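Visitor: Task: produce atomic coordinates for the following.
(one chain, ligands or ions: 1)
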Amino acid sequence: MKNKFLTAVILAALTLPAAAQTVVVYSPDSLLNVAITCDVDGKPHYSVDYNGKAMLEQSPLGMQTNNGDYSKSMKLTSNVGKQIDKSYQQSRIKASDITYVANEEVVSFVNANGQKMDVIFRVSNNDVAFCYTLPRDGEQGSVTINEEETGYRFPLHTTTFLTPQSDAMIGWKRTKPSYEEEYKADAPMNSPSQYGHGYTFPALFKVGDDGWVLLSETEVSSRYCGSRLSDYEDGVYTIAFPMAEENNGNGTSAPAFSLPGSTPWRTITVGETLHPIVETTIPWDVVEPLYDTKHDYKMGKGTWSWILWQDESINYDDQVKYINLAAAMGFEYVLIDNWWDLNIGKERMAELIKYAQSQGVDVFLWYSSSGYWNDIVQGPINMMDNSIIRKREMDWLQSQGVKGIKVDFFGGDKQETMRLYEEILSDADDHGLMVIFHGCTLPRGWERMYPNFVGSEAVLASENLIFNQHYCDEEAFNATLHPFIRNAVATMEFGGTFLNKRLNRGNDGGTTRRTSDVFQLATAILFQNPIQNFAIAPNNLTDAPQVCLDFLKEVPTTWDETRLIEGYPGKYVVLARRSGNQWYVVAINATQEDLKLNLDLPMFADSVISCYSDDKAMQPQQKPLKVKANGKVSLVVKPQGGTVLIK
Ligand code: CA
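Guide: Numbers count the residues shown, from 1 in each chain. Next up is the predicted model:
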């Protein structure tokens, strides 16, 4: 089976009825394989093995539509294979030059009425992606997918690292769901989800000692809804569509498309270790840009007053302070958050934007996405939800030389909301605007699909450290989850790296940061987003250690390569990223004990590197470190502390 170009074999198993057949699709290295079959009732199934170990047992395929049932009484009629070998360049994600080699198999089924459904499988060395496609069906030129049967049946020794889907229309101004729930690490499969609505993507599973599986989806555009995982039921998690209550009840839960048409890709990343999980590029491997851009978007760093100084800081004078901070740090951007329309007003904004530009700082402006899907009052509202007003507003933004927008508080995962995301992105690109989303869904392949998309929140982000001490206490735990889960499949607009010890305007009250300064620096590299809006404040120019300021001035925000060195979600992580020919290795420790590491870092072999670490008083220190020719580096990372190594 060690033949890269052997794509599939058909097995006639003795235990199956004479008509049943199984198509097996192998990865190019033959270690990963997917077996597709129909059972005695004609229910289509698939299973996934890695290196002879079961990663997914017989799991359901199929769907029920308003035009036919493709979930039972199906026959597997044919299969056609081909090889995919493509290379592409991608800015704004964890790697820049990517090669995707996979075996594709189109497996065709017909139902009892003779209606055809193809399932396209692509199997690369550590990833499975599959989607359903339906042909035009006589007079039927469109279809509504009422239910996807697609499921995931893990071996019983599997444990989970999941975050629940929230109730709809709850929380701040009824803005949920917005992918801002807490994770449970190492939980059993049969523990019910917090709200009873299952879990949002991505979802990480530890298959005993056999390996790891990360589930997600990609290529979700205006042509489908965002999906999630159901609760664990009868031994299986299934694809679930948005809740009816999302988007204030407006818009359907069931997605629809014209025929011929396809569902998004369901993705399954598989490894015996966590390396393939952290390093996967599958969300981008199977999608293409949806439009070309004529603009040259510049990634970089920014300041934003709202994170520490909150709503009261959205006034002209405070914004000047943050523009000056950005200029002093050599950052490209300032992000001016909610209420600028009322508290500064458009005329003075024009003046403020000019001032920023005179200091070499470009501007991002905040907008609410709403609309009728929440109770948000902070402005500007009712501009991004309507194409006429949106384009008029974007004309103004472009005339002022504004470089990007942050659009907040979306209505959920319905297809109607996915259409809004896409329309905002497309209109923004027409106006040379980059886009950040907050209060939003997980981006699913969007860094490649939309050239002006920068990043989305869709995480319990830095604001929670301000809102509640609990999140400061859990900061290190959460930070060690993201490289393995949320940030593995998409950019993550976290808005972090605090240098205040106390998270308020005076650095003298509010919540207390538990993590060290070097931990904070490490997250600037650990959390990947191509524009990093850091949570530093003007006072940090005089009260923060100079070594931290110098670090933030220099740290890149775009990467050519990302490698997991080692780690365990919820406990610790050691991650390497390369920018040009410079390597950055970061380590953070969420445990209560000193983390003693003996690392193999061949990129540092036989050289003197720069080491940022916590001293005895948890203050940052920077020292040169001589690495031997064998590349071995021994480190001790303190609890809630961090280390950064740079060459
Ligand atoms: Ca938020």
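Visitor: Spell out the residue ranges of the strands in the stretch 201-350 of the chain.
Guide: 203-207, 211-218, 228-229, 237-240, 256-258, 261-262, 265-271, 300-304, 333-336 (DSSP state E, counting those that start in this stretch).
Visitor: now the stretch 401-550 of the chain
Guide: For the stretch 401-550 of the chain, applying DSSP E, counting those that start in this stretch gives strands covering 404-408, 434-437, 453-456, 502-503, 511-512, 531-534.
Visitor: closest one to residue 309 among those?
Guide: strand 502-503 (10.8 Å; CB to CB). Yep, even glycine has a C-beta here, placed from its N, CA and C like the rest.
Visitor: What is that closest one packed up against?
Guide: strand 511-512 (3 or more CB pairs under 8 Å, 6 or more residues apart in numbering; DSSP states H and E).
Visitor: same question for the strand it packs on, mean pLDDT?
Guide: Mean pLDDT, strand 511-512: 98.
Visitor: for the stretch 351-500 of the chain, which spans come out with low pLDDT?
Guide: Across the stretch 351-500 of the chain, nothing is flagged by pLDDT under 70.
Visitor: The stretch 1-150 of the chain now?
Guide: Using pLDDT under 70, the flagged stretches of the stretch 1-150 of the chain are 1-20.
Visitor: Buried by neighbour count: which residues of the helix or strand hosting residue 608 qualify?
Guide: In this structure, residue 608 sits in strand 607-614 according to DSSP states H and E. Within strand 607-614, the residues that qualify as buried by neighbour count (16 or more other CB atoms under 10 Å) are 609, 611, 612, 613, 614.
Visitor: The next helix-or-strand element following it packs against which elements?
Guide: The first helix or strand that comes after strand 607-614 along the chain, using DSSP H and E, is strand 620-627. Secondary-structure packing of strand 620-627 (3+ CB pairs under 8 Å, 6+ apart): helix 517-526, helix 546-554, strand 607-614.
Visitor: residues making contact with the first one?
Guide: The one in question is helix 517-526. 476, 479, 482-483, 494, 496-499, 513, 532, 534, 544-545, 548, 551-552, 555, 573, 575, 577, 584, 586-588, 612-614, 618-620, 640-644 (CB atoms under 8 Å, 6 or more residues apart in numbering).
Visitor: do that again at 6 Å, thanks
Guide: Contacting residues not belonging to helix 517-526 are listed as 479, 496-498, 548, 551, 555, 575, 577, 584, 586, 588, 612, 614, 620, 641-642, 644 [CB atoms under 6 Å, 6 or more residues apart in numbering].
Visitor: How about the second one?
Guide: The set of residues that contact helix 546-554 without belonging to it, under CB under 6 Å, 6+ apart, is 329, 330, 499, 517, 521, 620, 622.
Visitor: okay, now the second one: neighbour count?
Guide: Using other CB atoms under 10 Å, residue 330 has 13 other residues around it.
Visitor: before we move on, the earlier item: now restrict the contacts of helix 546-554 to buried residues only.
Guide: Neighbour-count burial (16+ other CB under 10 Å) applied to the contacts of helix 546-554 gives 329, 499, 517, 521, 620, 622.
Visitor: Out of those, which comes closest to residue 628?
Guide: Nearest member of those to residue 628, counting by CB to CB, is residue 622, at 20.6 Å.
Visitor: Scan the protein for its longest helix.
Guide: Counting by DSSP state H, the longest helix found in the chain is helix 415-430.
Visitor: buried sites along it?
Guide: Across helix 415-430, burial judged by 16+ other CB under 10 Å covers 415-418, 420-430.
Visitor: so what secondary structure elements neighbour the strand holding residue 608?
Guide: strand 620-627, strand 642-646 (3 or more CB pairs under 6 Å, 6 or more residues apart in numbering; DSSP states H and E).
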